[in-house]
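S.K.: structure, please.
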Amino acid sequence: MKPLTVALDILQGDECTYGALLPTLTSLMSKTLALKDDLSRMTASLPDVIVKAIKTRFDAVLDSQEGLLAAATCPKFKLRWLRDERRREHVKELLTTECRKAAPATDNANVSQLPASPAEMDFLILRTSPQKASQQKKKSGYELEILNQFPNLKKMYMKYNTPTPSSAPVERLFSLGGLVLSPKRNRLSDRRFEKLLLMRYNHCFTPKENKKT
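M.R.: Residues are numbered from 1 along each chain as shown. The predicted structure is shown next:
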């Protein structure tokens with residue numbers, strides 16, 4: 001059950017975006033099935049049952065356009081998690097279509113920022129060898145700041161990664177609100193309560209260099 005618990009921890013994290021859902025589920029299913037050979041006869045069918053349950057539960061999500069675009073626009077994932085070449089080409093076509101829809105709304109300087117351009121396709125390229133993967137990391141980056149170079153992809157990332165894959169972060173925020181608005185602080189104004197809550201929760205969004213100081 002370790003792959004399942006690891007996947008749950010990832011999807012319930014405070015900094016997890018919607019784009020992490022499909023790569024995490026795909027990795028979960030492949031790693032679960034890989035454990036079959038090491039299990040006893042009594043539990044050998046458990047991986048198949050878990051994978052079947054995942055496909056049933058997330059049937060409407062596994063091939064959803066929103067989920068695919070959310071994952072592909074994340075610098076952390078791009079197209080690396082797609083093993084099937086046909087599915088990878090399908091996601092590239094989705095990105096091309098979506099960026100061309102967004103292009104007319106931008107200025108002329110950004111119209112050329114289409115996935116069909118060499119620069120934008122380099123953002124999505126999938127490399128396999130460790131040496132090439134290292135070169136790709138230096139060239140295109142894995143951090144969100146790389147999206148500033150691709151205005152259309154940045155808009156798509158913000159559009160499709162706004163939701164969270166789990167309600168756990170929201171529930172934690174409500175729990176934290178209960179600690180801030182305690183019985184002994186029942187005279188807090190709405191504005192003061194909001195400021196205190198943001199100050200308490202703001203550590204999740206503070207840059208690492210600021211935390212050290």
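S.K.: pLDDT weak spots in this protein?
M.R.: Per-residue confidence for the chain (pLDDT under 70) gives these ranges: 102-142, 203-213.
S.K.: could I get the full set of helices for it?
M.R.: Counting by DSSP state H, the chain has helices at residues 2-11, 21-33, 46-57, 59-62, 65-72, 85-102, 108-111, 118-124, 130-140, 151-160, 168-180, 190-201, 208-212.
S.K.: out of those helices, which comes closest to Lys78?
M.R.: Between Lys78 and the helices of the chain, the shortest gap by Cβ to Cβ is with helix 118-124, which sits at 5.4 Å. To be clear about C-beta, it is placed using only N, CA and C from the backbone, and glycine gets the same treatment.
S.K.: burial count for Tyr99?
M.R.: One correction, residue 99 is Cys, not Tyr. Residues within reach of Cys99, counting by other Cβ atoms under 10 Å, total 23.
S.K.: please parse the chain into its domains.
M.R.: If you go by the TED database, the domain ranges for the chain are 1-104+117-125+143-162, 167-205.
S.K.: would you mind finding the most buried of those domains?
M.R.: Each of the domains of the chain was assessed for mean neighbour count using mean count of other Cβ atoms under 10 Å. The highest is domain 1-104+117-125+143-162, with a mean of 16.
S.K.: any idea how far apart the tips of that domain sit?
M.R.: 30 Å (Cα to Cα, to the nearest Å).
S.K.: show me how far that domain is from its chain's centre.
M.R.: Computed by Cα atoms, centre = their mean, to the nearest Å, the chain-centroid distance of domain 1-104+117-125+143-162 equals 7 Å.
S.K.: would CSV of the helices of the chain with distance to Lys78 be doable?
M.R.: Converted to CSV, the helices of the chain look like this (distance: least, Cβ to Cβ, whole Å):
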stretch, distance to Lys78
helix 2-11, 17
helix 21-33, 10
helix 46-57, 23
helix 59-62, 18
helix 65-72, 6
helix 85-102, 10
helix 108-111, 20
helix 118-124, 5
helix 130-140, 8
helix 151-160, 10
helix 168-180, 24
helix 190-201, 30
helix 208-212, 23
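S.K.: nearest to Leu39, out of those helices?
M.R.: helix 46-57 (6.8 Å).
S.K.: how about Leu196, nearest residue that isn't a chain neighbour?
M.R.: Val180 (5.1 Å; Cβ to Cβ, 6 or more residues apart in numbering).
S.K.: residues contacting that neighbour?
M.R.: Each residue near Val180 by Cβ atoms under 8 Å, 6 or more residues apart in numbering is listed here: 188, 193, 196-197, 200.
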